[in-house]
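**Q** got a sequence here, can you model it:
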Amino acid sequence: MSSTSQESAPKKAVSLRQIAEAVGVSRMTVSRAFKPESSIKPEVRERILEKARELGYVPDTMVSELMTSFASRRPINYQETFAAIWWPERWKFVDSGQGFESDIYQGLNEGAKLHGRKMDHFVLSEEMTPRVIMRILQARNIQGVVLTPPVSVKIGAPELEWEKLSSVIIGSSLREPQFHRAQASHYAAMVMALEILHERGYKKPCLLVRSDVELRMLRAYTAAFLAWGHAAKRIWHAAKPSGDGLDDWLKKQNPDVIIADCDPWHQFIPREHQECGFMSLAVRNQRGHISGIYQNSSRIAKCAIDLLVRARFTHELGEPEEPVLMLTAGTWIEGNSLHVGKNDLGRRSASQH
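**A** This next block holds a predicted model:
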């Protein structure tokens, strides 16, 4: 064979085993040397990397990605059991298969499984009092607890012996105790909505918000709405979604788009205002006709489990000195409740040309 043909022949890939034999270490040590986070003596790592460069070793990224994928699917051995505390008004909707409560239930179970934990669910009742629940937790050696959100900000947390527990709260309804918390970023959700509406040419939005929601969310929706430059008179407060007085108010405001804190407001929009756009800040059906922000309750519940695992690792009991707040921004859902305006039509026409 000529020297030309030898030069054109493809070089055989250098293996980890070859590097290991050249350096005098195990193949596993060579593999770990290419991972910056692995614990290996600096001088050994340098010798391995230098020999790899000398031999012309090129890592196989595809194999690396596959091994990472396989490792991520490997089940984690059982660690401990967590408890979720529910209010009966929420628990009765868990079996619906969809919606806020069902999503939280699913997220808690999936998040616990991901971390090698199991999840026990307790529903407060006349029989299942906080004292009874505490006795069960102690009997089962459960020290990690997730508090699911009550239906109203006026409902307080059950009186458990919190100083003996690592605890996390889901949502913004419970203000006390000051535990770690996972919830949606309501301010960020409103900002996202206003930015999208602005891009689509809407100039005169109005906001429909329930009074209880205002308290639970520390007025985050209205704060973002006002910070965007819209007037306070364009905010409609009510105890619950209803049409009482809404028709006359909308006639005065003459909005081109209506922002609501939840989907049910849509059914109370008077017929003469249904031609303007409508969007929800808490879309429940991702495949429904209402446009807006989907606050992924399942993901929030998984974040609560992440916080609880962290608290258990650091042996935090009771109220932490600096509670951690974990926020999710939500995602935009494109329904058909936002009608195409003139500005949108012009922009789309220009983009097509």
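**Q** quick one, strands of the stretch 51-200 of the chain?
**A** 80-86, 117-123, 144-147, 166-170, 180-184 (DSSP state E, counting those that start in this stretch).
**Q** Throw the ones you listed into a markdown table and include mean neighbour count, distance to residue 49 and mean pLDDT, thanks.
**A** (Each C-beta comes from the backbone N, C-alpha and C, glycine too.) Listed next are the strands of the stretch 51-200 of the chain as a markdown table, based on neighbours: other Cβ atoms under 10 Å; distance: least, Cβ to Cβ, whole Å; pLDDT from 0 to 100:
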| stretch | mean neighbour count | distance to residue 49 | mean pLDDT |
| --- | --- | --- | --- |
| strand 80-86 | 21 | 40 | 96 |
| strand 117-123 | 17 | 38 | 95 |
| strand 144-147 | 25 | 42 | 97 |
| strand 166-170 | 26 | 42 | 97 |
| strand 180-184 | 23 | 41 | 96 |
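**Q** output the ones you listed as a markdown table; include the columns distance to residue 153.
**A** As requested, the strands of the stretch 51-200 of the chain are exported to a markdown table (distance: least, Cβ to Cβ, whole Å):
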| stretch | distance to residue 153 |
| --- | --- |
| strand 80-86 | 17 |
| strand 117-123 | 20 |
| strand 144-147 | 14 |
| strand 166-170 | 13 |
| strand 180-184 | 13 |
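**Q** nearest to residue 19, of those?
**A** strand 117-123 (39.5 Å; Cβ to Cβ).
**Q** by contact count, what packs against that closest one?
**A** strand 80-86, helix 88-91, helix 100-114 (3 or more Cβ pairs under 8 Å, 6 or more residues apart in numbering; DSSP states H and E).
**Q** and that strand with helix 100-114, angle?
**A** 150 degrees (axes from the mean of the first three to the mean of the last three Cα atoms, to 10 degrees).
**Q** how about the helices in the stretch 1-150 of the chain?
**A** 3-8, 16-23, 27-33, 42-55, 61-73, 88-91, 100-114, 130-139 (DSSP state H, counting those that start in this stretch).
**Q** show me what contacts residue 103?
**A** Each residue near residue 103 by Cβ atoms under 8 Å, 6 or more residues apart in numbering is listed here: 296, 297, 298, 301.
**Q** ditto for residue 142
**A** Counted by Cβ under 8 Å, 6+ apart, residue 142 has contacts 80, 81, 82, 83, 120, 136.
**Q** spell out the secondary structure type for residue 207.
**A** Under the three-state scheme (DSSP: H, G, I helix; E, B strand; the rest coil), residue 207 adopts strand.
**Q** what does the one 5 residues further on give?
**A** Secondary structure assignment for residue 212 (three-state DSSP): helix.
**Q** that one - how many residues pack around it?
**A** Counted by other Cβ atoms under 10 Å, the residues lying close to residue 212 total 17.
**Q** then the one 4 residues further on?
**A** Neighbour count of residue 216, defined by other Cβ under 10 Å: 21.
**Q** surely it and residue 169 touch.
**A** No: Residue 216 lies out of contact with residue 169 (Cβ atoms under 8 Å); the separation is 11.9 Å.
**Q** and the strands in the stretch 201-350 of the chain?
**A** 205-210, 235-238, 257-260, 277-280, 291-294, 325-328, 331-333.
**Q** re earlier: between the strands of the stretch 51-200 of the chain, which gets nearest to residue 30?
**A** strand 117-123 (34.8 Å).
**Q** next, the angle strand 80-86 makes with the closest one.
**A** Going by the same axes, to 10 degrees, strand 117-123 makes 30 degrees with strand 80-86.
**Q** looks like residue 123 contacts residue 83 (just checking).
**A** No: applying Cβ under 8 Å as the test, residue 123 and residue 83 come out as separate, 11.3 Å apart.
**Q** what comes up buried for the longest helix anywhere in the chain?
**A** If each helix of the chain is counted by residues according to DSSP state H, the longest one is helix 297-313. The neighbour-count check on helix 297-313 (16 or more other Cβ atoms under 10 Å) flags 297-309, 311-312 as buried.
**Q** surely residue 300 is in contact with residue 104?
**A** Yes: using Cβ under 8 Å, residue 300 is in contact with residue 104, at 7.4 Å.
**Q** flag the shaky bits of the protein, pLDDT-wise.
**A** 1-12, 36-39, 59-76, 339-353 (pLDDT under 70).
**Q** follow-up on the earlier one: now do the longest helix of the chain against strand 180-184, angle only.
**A** Using the same axes, to 10 degrees: helix 297-313 against strand 180-184 is 170 degrees.
**Q** so what does helix 297-313 touch, helix or strand wise?
**A** Packed next to helix 297-313, using 3+ Cβ pairs under 8 Å, 6+ apart, are strand 80-86, helix 100-114, strand 144-147, strand 166-170, strand 180-184, strand 325-328.
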